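> Fold the following and give me the result.
(chains A and B)
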Amino acid sequence: MLLRMSSLFLRTLREDPADAEVPSHRLLVRAGYIRRAAPGIYSWLPLGWKVFRNVERIVREEMDRAGFQEVHFPALLPREPYEASGRWTEYGDNLFRLTDRRDNDMLLGPTHEEMFTLLVKDLYSSYKDLPLSIYQIQTKYRDEARPRAGLLRGREFVMKDSYSFDVEDVGLQRSYEEHRQAYIRTFDRLGLDYVIVSAMSGAMGGSTSEEFLQPTDVGEDTFVRCVNGDYAANVEAVVTPVPPARDWDGVPPAHVEDTPDTPTIDTLVEVANGTFPRADGRPWTAADTLKNVVVTLVHPDGDREPLVVGVPGDREVDLKRLEAAVAPAEVESFTDFERHPLLVKGYIGPAVLGEKGPTGIRYLLDPRVVPGTAWITGANEPGRHVFDLVNGRDFTGDGTIEAAEVRDGDTCPIDGGRLETARGIEIGHIFQLGRKYAEALGLQVLDEHGKLVTVTMGSYGIGVSRAVAAIVEATYDDLGLCWPREVAPADVHVVATGKDADVFETGDRIAAELEAAGVRVLYDDRYRVSPGVKFKDAELLGMPTILVIGKGLADGTVEIRDRRTGEREEVPVGEAVARVTAIVRS
RNA sequence: CGGGGUAUGGCGCAGUUUGGUAGCGCGUCCGCUUUGGGAGCGGAAGGCCGCCGGUUCAAAUCCGGCUACCCCGACCA
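This is a model prediction of the structure:
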């Protein structure tokens, strides 16, 4: 259907909207693709809706091609299934809740694991029915504390979510791999320049998990990748290579020293260098100290447990990494020093820690704190620290934990190369859920021996509306939007400039012929609009090819421009349709 | 939830310090001119100045309270 600018429901803005910061948000609003309806909730206008549906179509085609079957659940859901899985309470304020006229609790679905699981349970009861992968493309509702950046984090958004059901673990791995391949094809077609990173399954339970990230500074996820290209991971999932254990021969016995007024690492290093210079003359640094950070874990059943994390003093504890490591427990700051008199704030040391120590508090160490390493650390008395305290000789932890911050330049766990940090938008996430939901909701089938077994599941998501924004972030330039052809609202933007009837007659004819040839056309047939306005709009709106009909017509030529490269070519009017068609099909 | 900011026509903003007819640019409508890089001239429509209360002869402006939105952080498959 030919899109005519003269009647298209569109108003482009000459200036940036004041409330939009990130490029995708700014440009989509300015180019008249979306409008804000409420915080984190957007309306789609004709051009935006076309892009959205193109993205949705590509996702659907690739899911169908992989043999997954599409279903469609309601967005408005009853409370019971979410009560059964525990998420009615777990989701907390992020759940949009409402009641119907009979006062029954309802919710707007934030995600649909429960519904899928129960549907399969309803219909299937034999191992012969499996494996099965089903999906939907559905509007999801999450009452985010802080929606931001337009489509990147909304309270209403569209997600494609798939679920796989298998009897055995190997089957789950196969289903997972099928989804992984389908995602690769999907994101390739969407024109994204994504990175696949190892991720934490976090609160979802389960084991293997990977994220598809579109690298960009405005992304909300931080990930690392090895400069040698053999490793990429979300910071939460980064594995620290463990240095070899060291020999502690020659390390003097541990000795406690007075270090007044040194509650922080900085003050400690200063006093250590001033009062206790090292024998070899090398100055103490923060990396020589062992920092013991107390936090409170809140377990899902409500139990509160203090935990001490020991990290080299030059690193902070990264709360996100810590939470990922202790999931499903949550982390709160520790304030209860009154009930734990042995914990001396600012001077906490290993001597009182550990499940077998005087406090009985679990003590987990950063992987860098290997046996044989010597540390300056708290002596559990105000103003006192212990020097040359050796792991394995003088203290041990209850295990290790990945909770220290990850930094640019850290070491790759695969080949020892340098890790670089970057930000990205999460556009897809695949993981092996395992049996958590199947167990909670009683999804079992009979195996070949007639025995009931619990089904193992995988869960796979693509943020469809978010992908629209991610594509913009990956493709925009100074002039405006710049769509990859397959998701663009049209293949070619035909611009008629000038006032001659000839120009518009030619434009009408070429637009019609292009449409007849199967080329999607946006036709700027606005009369009495100056050429400058039309060119600016064409660049802002971002169709991949622009065909200008104007002053060249006197010489029998029109101009074809590539929106991305800016390249221009003059072609005879008679060849314009064939030329554009060839470009579109190439 | 903590910190910062903003709220004036469809959009972007000035006006608030020092109370006195509500303004500018863009957009929209009408007329004439203009047509290869966001045209010109003339005319017009469009505003409970976020809300509630107070002070005052008089409040966009001063005072008190509230709300909404944006940004940073916390939170968030």
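
> most centrally placed residue in chain A?
Chain A has A:Glu426 as the residue nearest its centroid, 2.3 Å off, counting by C-alpha atoms, centre = their mean.

> looking at this, A:Ile134 is in a helix?
No - with DSSP: H, G, I helix; E, B strand; the rest coil as the criterion, A:Ile134 is assigned strand and is not in a helix.

> dump the residue contacts of it.
A:68-71, A:116, A:120, A:162-163 (C-beta atoms under 8 Å, 6 or more residues apart in numbering). In short, each C-beta sits where N, CA and C put it, glycine included.

> which residues touch the closest residue to RNA strand B within the stretch 251-400 of chain A?
RNA strand B sits closest to A:Leu319 of the stretch 251-400 of chain A, with a gap of 4.8 Å, by C-beta to the nearest atom of the strand. Taking C-beta under 8 Å, 6+ apart, we find A:Leu319 in contact with A:Val331.

> ok, it to A:Val311 distance?
Per C-beta to C-beta, to the nearest Å, A:Leu319 is found 12 Å from A:Val311.

> about what we covered before: looking at the residue of the stretch 251-400 of chain A closest to RNA strand B now. What's its pLDDT?
pLDDT for A:Leu319: 79.

> now do the one 3 residues further on
You'll see A:Leu322 listed with a pLDDT of 79.

> Repeat that for A:Ser201.
Per the predicted model, pLDDT is 56 at A:Ser201.

> Then A:Ser207?
Confidence score, pLDDT, at A:Ser207: 66.

> How about the one 4 residues further on?
Looking at A:Glu211, its pLDDT is 89.

> can you tell me the helix or strand for it?
Using DSSP states H and E, A:Glu211 sits in strand A:209-215.

> from the middle of its chain, how far away would that strand be?
The chain centroid and the centroid of strand A:209-215 are separated by 6 Å under C-alpha atoms, centre = their mean, to the nearest Å.

> one step back: which members of the contacts of A:Ile134 are the farthest-apart pair?
Across the contacts of A:Ile134, the two members that end up farthest from each other (C-beta to C-beta) are A:Glu70 and A:Val120, 14.8 Å apart.

> quick one, which of the two is more surrounded?
Using other C-beta atoms under 10 Å as the criterion, A:Glu70 and A:Val120 rank with A:Val120 on top: 22 against 13.

> Need the phi and psi values for that one.
phi -70, psi -40 (degrees, to the nearest 10).

> what about it, distance to A:Lys551?
Distance from A:Val120 to A:Lys551, by C-beta to C-beta: 64 Å.

> So which bits of the stretch 351-500 of chain A are right by RNA strand B?
Neighbours of RNA strand B within the stretch 351-500 of chain A, by C-beta under 7 Å from any atom of the strand: A:426, A:429, A:459, A:461, A:479, A:497-499.

> Strands of the stretch 101-250 of chain A, start to end?
For the stretch 101-250 of chain A, the strands defined by DSSP state E, counting those that start in this stretch cover A:105-108, A:132-141, A:156-166, A:195-198, A:209-215, A:221-226, A:232-234.

> any chance of those strands in JSON lines, plus distance to A:Tyr124?
Shown next, in JSON lines, are the strands of the stretch 101-250 of chain A (distance: least, C-beta to C-beta, whole Å):
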{"stretch": "strand A:105-108", "distance to A:Tyr124": "26"}
{"stretch": "strand A:132-141", "distance to A:Tyr124": "7"}
{"stretch": "strand A:156-166", "distance to A:Tyr124": "8"}
{"stretch": "strand A:195-198", "distance to A:Tyr124": "31"}
{"stretch": "strand A:209-215", "distance to A:Tyr124": "25"}
{"stretch": "strand A:221-226", "distance to A:Tyr124": "35"}
{"stretch": "strand A:232-234", "distance to A:Tyr124": "34"}
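
> Pull the distance from stretch A:225-241 to the chain's centre.
Relative to its parent chain, stretch A:225-241 has a centroid offset of 16 Å by C-alpha atoms, centre = their mean.

> typo on my end, it should be stretch A:318-333
Averaging C-alpha positions (C-alpha atoms, centre = their mean) puts stretch A:318-333 18 Å from its chain's average.

> same deal with stretch A:399-417?
Counting by C-alpha atoms, centre = their mean, stretch A:399-417 comes out at 20 Å from the chain centroid.

> Could I get the buried residue list for stretch A:85-95?
By neighbour count on 16 or more other C-beta atoms under 10 Å, the buried set for stretch A:85-95 is A:85, A:87-88, A:91, A:95.

> hang on, I meant stretch A:226-244
Applying 16+ other C-beta under 10 Å to stretch A:226-244 flags A:226, A:231-238, A:240 as buried.

> now swap in stretch A:294-303 and tell me
For stretch A:294-303, by 16+ other C-beta under 10 Å, it's A:294-298.

> same thing with stretch A:484-498?
Using 16+ other C-beta under 10 Å as the test for burial, stretch A:484-498 gives A:484-485, A:487-498.

> before we move on, the earlier item: closest one of the contacts of A:Ile134 to A:Thr12?
Using C-beta to C-beta, A:Glu70 is the member of these that lies nearest A:Thr12, at 35.3 Å.

> Look up the closest residue to the closest one, ignoring the ones flanking it.
Spatial nearest neighbour of A:Glu70, excluding adjacent residues (C-beta to C-beta, 6 or more residues apart in numbering): A:Tyr135 at 5.9 Å.

> Next, count neighbours for the one you found.
Under the criterion other C-beta under 10 Å, the count of neighbours that A:Tyr135 has is 26.

> Likewise for A:Val453?
Neighbours of A:Val453 (other C-beta under 10 Å): 16.

> Am I right that it is in a strand?
Yes - under three-state DSSP, A:Val453 falls within a strand.

> That one: what's its closest spatial neighbour, skipping adjacent residues?
A:Asp447 (4.9 Å).
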